[in-house]
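K.L.:
my questions concern the predicted model and sequence given below.
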Amino acid sequence: MGQSTPKIHTSPSAPTTKQSNFTEEQFKPHMVNHFNEGCPTNSECSPEMGKLYKRWVKTVTNFAKEKDGWRLLERFRKANGVPFEVWATEKSKASEGIIFWDSPCRNHNIEGKEKIRIGIVMVPHLNKLKKLTASNNIYLRFLKIFQGKKKKSKTYNTLRGETPLYIENDKLIYQRLEEGQYYGLSVDQSGGLNIIATKTPPEFPQSVDCPQELVEELKSSPPSENLYAGVYCQKTWNMTKKKFDILMVGWSCN
């Protein structure tokens, strides 16, 4: 009989069989944070994702030294993807290219219901996630833009834990922070992603009451059970229209 393929180790600590036999030479500095080099602390993360994430962190660290350094990040996105925060279900695996942690949210850890975790994927475009979202291995956060009383909202799939700084040319513009460096990420309605140089909007996002039309629309197509703890709305400046748009987003504790 042939030998079975060894299981890829993805947890933060070294395998039990190795821990008891580690020599000083075998223990590497990165193992203080994770057994697989490049993986974020305490995450479930494959060796391949660790290597890719380490390259991303190195690129972000260097981009501030470059003139128009955001173009350096955009080249990386096109070739390798960019970190994008998602929720991951118990069916998801680190071998699918997801880095994940247990969620601290109460609604994600309800006894008798599917446990939901927080995660990061590296993708150049959200259409790369179609297989994972179709199988409910991961969830993307919904965002709706109010279009008026007689029109259905524009709906986007977007980042788990952030809301856009402003809107421009029908794209959601986020200002992101990584390794002490800020960069811009745009998300369009089809799932297209781009690294950009951000602008300062004349008005910053502000909390508002949700239009009843958006509330009713959400009732007709409710999100997955226990994914969100609720929804909230904010007005966000649209640079193209030169006025506020009203957004509705699902929220949890992360």
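P.N.:
Perfect, I can see it now. A quick note: this is a predicted structure, and the numbers were derived from the prediction, not measured. Numbers count the residues shown, from 1 in each chain.

K.L.:
okay, buried residues for the helix or strand where Leu132 lies please.
P.N.:
Per DSSP states H and E: Leu132 is located in helix 130-134. Using 16 or more other CB atoms under 10 Å as the test for burial, helix 130-134 gives Leu132. Every C-beta, even on glycine, is put in place using the N, C-alpha and C of the backbone.

K.L.:
helices or strands up against that helix?
P.N.:
Contacts defined by 3 or more CB pairs under 8 Å, 6 or more residues apart in numbering; DSSP states H and E place helix 130-134 against no helix or strand at all.

K.L.:
dump the C-alpha coordinates for that helix into CSV.
P.N.:
Taking C-alpha atoms only, helix 130-134 is exported to CSV below (Å, rounded to 0.1, in the frame of the first residue of the first chain):
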residue,chain,number,x,y,z
LYS,A,130,-17.2,32.7,-6.0
LYS,A,131,-16.6,29.0,-5.3
LEU,A,132,-16.0,29.7,-1.6
THR,A,133,-19.0,32.0,-1.2
ALA,A,134,-21.3,29.7,-3.2
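
K.L.:
roughly how far apart are Trp237 and Ile145?
P.N.:
According to CB to CB, to the nearest Å, Trp237 stands 13 Å off from Ile145.

K.L.:
again with Ser103
P.N.:
27 Å.

K.L.:
quick one, strands of the stretch 51-200 of the chain?
P.N.:
82-89, 98-102, 116-123, 138-139, 141-145, 154-158, 166-168, 171-178, 181-187, 193-196 (DSSP state E, counting those that start in this stretch).

K.L.:
pairing partners for the shortest one, with directions?
P.N.:
Looking back up the chat, that one is strand 138-139. strand 82-89 (antiparallel) (DSSP bridges).

K.L.:
so where's the stretch 51-200 of the chain shaky on pLDDT?
P.N.:
Under the criterion pLDDT under 70, no range of the stretch 51-200 of the chain is flagged.
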